[in-house]
Every structure is written in C-alpha cells, then in structure tokens.
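Q: Can you look at this prediction? I've put the sequence above it.
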Amino acid sequence: MRRIFKILTCFLAAIGVCTAALVCFILLYPLFHGNFSPNQQNASPEKTEAEPSLADEAAAPETADPETTDRRAASPTPAANSEIPSPVRAAPTGSDIESPHSQESPSAQTPTETPVKEEIPAEYQSALNRADNYCDLMHMSKQAIYDQLISEYGENVSPEAASYAVTHVNADWNANALQKATVYSDTMHMSRTAIYDQLISENGEKFTEAQAQYAMEHLEADWMANALYKAKEYRQSTNMTKSAIYNQLISEHGDKFSPEEASYAIKNLK
C-alpha cells in the first residue's frame, strides 16, 4: 500500500508540474509574442492601424459616402492571384512599315546602263587593219607606218584615220626595231653603227633613238664576221686593194666598222 501511495503521489506531482508550466506559458507568451491570433502573427509589424474589412463596409451601407460607394461600385476589385496583363502594342502604321525595296542597293534600284559601242568609221577601221599588217609583217616603226598610210604613193588615207590607226595598233615598237636590226645584220651584214643610223634615219626606218638603242643592246651579232663578209664582197665585185677595202670598211660614208673589225677582215681576206 505504501508503495502504491508513493507512485500515485509522484504521478500527481508530475501532473501538477506540467499544469504549472502550461499556465506559465499561457501567461508569459502574450507578453513577448503578442496575441495567439493567426491574423496578427502574419500581419506586418509596420502596420499599426487596423484596416476596415469588407464585412464592416457591407454592414453599414447607410453611413457610407454616396460618391465613395459609386467609385467602389464602378471599380471592380481584382482577384488576389490575378496578373496584370501586359500592354498590347498597336499595330504598325503604314509609315512604320519599311518597303522591301527601301533596303535594296543603289545598283538594284538603278538599271544598269549598257555601254554604247563606239561606232568606228569605215576609213578608220581600214587604216587600222593596214597598220596591223605593216606592223606584224614588215616590223615597221610608228612614224614609218603613219607616213606610209598618208602617202599618196602608199595607202592615201586621211591624217585623222592614220593617227587613229597608229594610236590603236597593237604593237611593240622596241621589238620591231630589234627585228629590223636583226634583218640588217643577218642579210646585209652591216656594222653596228650603220644599223643604228639606219634605224633612226628619216630616210630609213624612223624609229626613235630609245627604240634603236634597245635594238642594238639586244641584238646578237658577230661584227668581225660581218666585216669579213663585206670585205669578201668588195674583193669579188671589184679590183680594190686591201688598203682600199680597209678604208671603205671604216669610212663614215661607207660601212662604219671599227678599225679592229676592219683589220680582222683584211687579215682573214683571201
């Protein structure tokens, strides 16, 4: 019995302690955390004034201001979770819409002009064709071709047509001068000075000095052999002595070989 009594006493004492703790919790909690109302727990601490609820406003319709009532009725209350719709952009007007042709390049907007082919007079074209023949077949100089075109004993074309021809002819005048020099050396066995003078002479080929100089610098010739060939011609065609042949070879009015070239020819003349 005594043991049961002790157990019962402890049980009651525990209940008393729990009850005292619960009472203390109930009494002390509002002092630190406020009321137990869930509305006040979720309310913002910055909000001190109570806002009137919809139920209070509906309960006193007679005291409400008529203008306020009209404004409230005219403006509906949005739903709590409704989203504000984004503003709808107005459709672009005709001035805002760019025409597809406005971004085209200037070349696409402006039609391409077809170049007009120059009309060449028949006389000019004929003179050009003849100039081409003189250049390609006879390797003549520019001045010589022009003189041949306007000559009454030649092509007898107008000076305008001849000028057009020698201006538009497809020619390499340096190459023509070299070709002429090669012919004089290989077929006539002329000296270097005689060939140069013949290229620039007004009574000869009428090349410029620069063109003649180009020809002499690029001409491949054996001047000793040319002098010997000339000496043999003189011996076979005349009864000239070696001394006379030598003088003819070096003469300014003769073949214009150098003294060394003439001496070589006389020494090897048989």
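A: Yep, that arrived. Numbering: from 1, shown residues only.

Q: Need the mean per-residue confidence for the helix or strand where R3 lies.
A: Take DSSP states H and E as the rule and R3 turns out to sit in helix 2-33. Computed over helix 2-33, the mean pLDDT rounds to 75.

Q: could you pull out the helices for the chain?
A: 2-33, 38-42, 54-59, 66-74, 106-109, 122-138, 142-150, 159-168, 173-188, 192-200, 209-218, 223-237, 242-250, 259-267 (DSSP state H).

Q: could I get those as TSV with mean neighbour count?
A: From N, CA and C alone the C-beta is placed, and that goes for glycine too. Listed next are these as TSV, based on neighbours: other C-beta atoms under 10 Å:
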stretch	mean neighbour count
helix 2-33	9
helix 38-42	9
helix 54-59	10
helix 66-74	9
helix 106-109	8
helix 122-138	17
helix 142-150	20
helix 159-168	18
helix 173-188	19
helix 192-200	20
helix 209-218	17
helix 223-237	18
helix 242-250	17
helix 259-267	17
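
Q: about what we covered before: against which helices or strands is the helix holding R3 packed?
A: Packing partners of helix 2-33 (3 or more C-beta pairs under 8 Å, 6 or more residues apart in numbering; DSSP states H and E): none among the helices and strands.

Q: residues in contact with I120?
A: Shown in contact with I120 (C-beta atoms under 8 Å, 6 or more residues apart in numbering): no residues.

Q: ok, now E209?
A: So E209 contacts I200 (C-beta under 8 Å, 6+ apart).

Q: ok, A13 to T19 distance?
A: Distance, A13 to T19, using C-beta to C-beta, to the nearest Å: 11 Å.

Q: Equivalent analysis for A244, please.
A: Counting by C-beta to C-beta - A244 and T19 are separated by 168 Å.

Q: next one: E119
A: Taken as C-beta to C-beta, the span from E119 to T19 is 128 Å.

Q: again, but for K242
A: Distance from K242 to T19, by C-beta to C-beta: 166 Å.

Q: List the contacts of the nearest residue to L249 once chain neighbours are set aside.
A: Nearest residue to L249 in three dimensions, chain neighbours excluded: A262, at 3.9 Å (C-beta to C-beta, 6 or more residues apart in numbering). Residues near A262 by C-beta under 8 Å, 6+ apart: 227, 231, 246, 249-250.

Q: out of these, what pair is the most spread apart?
A: Farthest apart among the contacts of A262 by C-beta to C-beta are A231 and I250. That separation is 11.3 Å.

Q: Break this protein down into its domains, please.
A: Residue ranges of the domains in the chain are recorded as 120-171, 172-221, 222-270, according to automatic domain parsing.

Q: Could I get those domains in CSV, plus columns for mean pLDDT and distance to F25?
A: Compiled in CSV, the domains of the chain are given as follows (pLDDT from 0 to 100; distance: least, C-beta to C-beta, whole Å):
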stretch, mean pLDDT, distance to F25
domain 120-171, 96, 119
domain 172-221, 98, 121
domain 222-270, 95, 137
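
Q: Looking at these, which is nearest to I4?
A: If you check each of the domains of the chain against I4 by C-beta to C-beta, domain 120-171 wins as the nearest, at 142.3 Å.

Q: Would you mind measuring the gap between the ends of the closest one?
A: 20 Å (C-alpha to C-alpha, to the nearest Å).
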